[in-house]
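J.: After the sequence you'll find the predicted model.
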Amino acid sequence: MTKYVGSIDQGTTSSRFIIFDRKGTVIAVDQKEHEQIFPKPGWVEHNAIEIWRNTMSVVAGALKKAKLSASDLVSIGITNQRETSVLWDKKTGAPLHNAVVWMDTRTDQLVARYEKDGGKDRLREKTGLPLATYFSGLKLHWLLDNVPGARAKAEAGEVLFGNIDTWLVWNLTGGADGGIHITDVTNASRTQLMNLKTLEWDDEILKLFNIPRACLPTIRSSSEVYGEIKAAPLQGVPVAGILGDQQAALFGQACLNPGEAKNTYGTGCFMLMNTGEKLVPSTFGLLTTVGYKLGDKKAVYALEGSIAITGALVQWLRDNLGIIQTSPDVEALARTVEDNGDVYFVPAFSGLYAPHWKDSARGVIAGLTRFANKGHIARAALEASAYQVREVLDAMVKDSKVEIKELRTDGGMTVNELLMQFQSDILDVPVVRPKVIETTALGAAYAAGLAVGYWKSTNDIVENWGVDKRWHPAMSKAERTKLFTAWNKAVTRSLDWVD
């Protein structure tokens, strides 16, 4: 009887369940969007209960489409939006507050406070991360200080904290009735509370941020059997893989050797380069993070360039401006003009992430004249993703001292042919789209399948990976230089907008 692996892909805008076969082929998928909650400018929240319900809804939906049941699955993996923080009651399972989303900027004053003594990079040696609103640790600090009674309950071990992976595993494995409270090393590395060398919570940082250890999950590897699912319709299936979404994409893209890199185009853009068992500190604005850890093997590390807003900018054109009806319409609109008309869009809605790390930046559209129209705005929005990726790739080459020969891409925006060609042009390297672009979900499936012997080794991952399309640069050096210089000028206009 044919067996499969399931993958929960809980993202920033939607939850999906994807079922894969041994070749890494998608058998069935179901997807459901959840509400984006914006209580104040810069604040972004999700309803964790809605995410849990949607997750179980898409699990049932995909199983129904594939005409499969729990007995057909050998294991499931989980991949998740990282840094999005949930605090919930251990006895009731009720969240104490909406989940605080990774792009939320409410901790900006906390960041400024901790920067005063030691600067933005005071924790970088231990955590690989600069002080920024992005990471979970200060979000937890904010929740403990601003939700009535939360701190006392946390110190007493009555409330539990986690990124979305932790929240899902706890609910899947029983919730208030014996749910397992764990996270994996990749998610833990995004809290700014874990020491990258020891792969344990760091007592000095917990003391600095005033975080009670009692509310934190146990840190586990990315690929092992954590426990059995008790929730319908997956009863009895082992949860056996957890990877933060970008690390999952690195794994799913078969970037298993030092120097191999991938870029995921989702709500934001995230480029990761495998650096092997070596921790590579960044001096050019990147993050050092855990790539993955398979069972009791040594951790594999990565350099990461995180960009907050790429696909979310297209959604903004759709939802806030109404100049497109659906997200895929942006390509057709952008093709109505020959070029960007000297219009540049810097989408610093949540500040600028890598390599700038400027929380006080805000979005700007620069270069507008009476000539500019909505086609130019659409084109500038797409090009913004490519320029930001170029900034990150340049930093990655400087940090790693490895020239990138090609960029493996994945995520929803890779179906946009105009963007992919422009990306290759502005990078001056080939851009490759794999046959399976659901590499985030696939990476989590691989981790879960390896843990139970469904795939024998990572060699199976390499064999499954194949090219769908490759774009080659076709832009002159002079044009590339001119466009990127203008982009950098536009970026300077976005800086220090917030006092």
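T.: Perfect, I can see it now. Model, not experiment: these values are computed from the prediction. Residues are numbered from 1 along each chain as shown.
J.: got any ranges where this structure has weak pLDDT?
T.: Of all residues in the chain, none has pLDDT under 70.
J.: Secondary structure element for Val389, which one?
T.: Assessed by DSSP states H and E, Val389 sits inside helix 374-400.
J.: how about the closest residue to Tyr454 other than its chain neighbours, phi and psi?
T.: Using C-beta to C-beta, 6 or more residues apart in numbering and skipping the chain neighbours, the partner closest in space to Tyr454 is Val74 (4.9 Å). No exception for glycine: its C-beta is placed from N, CA and C like everyone else's. Dihedral angles phi and psi of Val74 (degrees, to the nearest 10) take the values phi -80, psi -30.
J.: any idea how far Leu450 is from Val74?
T.: Taking C-beta to C-beta, to the nearest Å as the measure, Val74 falls 11 Å from Leu450.
J.: higher neighbour count, the two?
T.: With neighbours defined as other C-beta atoms under 10 Å, Val74 and Leu450 compare such that Leu450 has more, 26 against 18.
J.: Ile8 contacts Gly77, correct?
T.: Yes. The pair Ile8 / Gly77 is scored as a contact, 7.3 Å apart, by C-beta atoms under 8 Å.
J.: follow-up on the earlier one: for the helix holding Val389, what is the distance to the chain centroid?
T.: Offset of helix 374-400 from its chain centre (C-alpha atoms, centre = their mean, to the nearest Å): 17 Å.
J.: Moving C-terminal from it, which element do we reach first?
T.: strand 407-410.
J.: list the buried ones in the following helix or strand past that next one?
T.: The helix or strand immediately downstream of strand 407-410 is helix 417-427, counting by DSSP H and E. The neighbour-count check on helix 417-427 (16 or more other C-beta atoms under 10 Å) flags 418-427 as buried.
J.: Just the closest of these to Lys456, please.
T.: Nearest to Lys456 among those, counting by C-beta to C-beta, is Met420 at 33.5 Å.
J.: need the contact list for the closest one.
T.: 409, 414, 431, 433, 469, 471 (C-beta atoms under 8 Å, 6 or more residues apart in numbering).
J.: go with 6 Å
T.: 431, 471 (C-beta atoms under 6 Å, 6 or more residues apart in numbering).
J.: and if you look at Val300?
T.: Val300 sits in contact with 291-292, where contact means C-beta under 6 Å, 6+ apart.
J.: What separation do you get for it and Leu199?
T.: Distance from Val300 to Leu199, by C-beta to C-beta: 12 Å.
J.: try Gly227
T.: Taking C-beta to C-beta, one finds Gly227 at 20 Å from Leu199.
J.: do Ala386 as well
T.: In this view, Ala386 and Leu199 are 35 Å apart by C-beta to C-beta.
J.: neighbour count winner among the two?
T.: Ala386 (25 against 17).
J.: Thought Asp425 was touching that one, still the case?
T.: No. If you go by C-beta atoms under 6 Å, Ala386 and Asp425 don't touch, sitting 8.0 Å apart.
J.: count of residues packed around Lys401?
T.: Counted with other C-beta under 10 Å, residues neighbouring Lys401 total 8.
J.: Please apply the same query to Leu206.
T.: Using other C-beta under 10 Å, Leu206 is surrounded by 15 other residues.
J.: That one: what's it in contact with?
T.: Counting by C-beta under 6 Å, 6+ apart, Leu206 has contacts Arg213.
J.: quick one: buried residues of stretch 168-187?
T.: Neighbour-count burial for stretch 168-187, with 16+ other C-beta under 10 Å as criterion, is recorded at 168-175, 179-187.
J.: Could you do stretch 152-168 as well?
T.: 153-154, 159-168.
J.: Dump the residues you listed to a markdown table, plus distance to Ile37 and secondary structure.
T.: Formatted as a markdown table, the buried residues of stretch 152-168 follow (distance: C-beta to C-beta, whole Å; DSSP: H, G, I helix; E, B strand; the rest coil):
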| residue | distance to Ile37 | secondary structure |
| --- | --- | --- |
| Lys153 | 23 | helix |
| Ala154 | 23 | helix |
| Val159 | 21 | strand |
| Leu160 | 21 | strand |
| Phe161 | 19 | strand |
| Gly162 | 19 | strand |
| Asn163 | 18 | strand |
| Ile164 | 15 | helix |
| Asp165 | 21 | helix |
| Thr166 | 20 | helix |
| Trp167 | 16 | helix |
| Leu168 | 19 | helix |
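J.: Which stretches in the stretch 251-400 of the chain count as helices?
T.: Per DSSP state H, counting those that start in this stretch, the stretch 251-400 of the chain has helices spanning 311-316, 329-334, 374-400. These are given in chain order.
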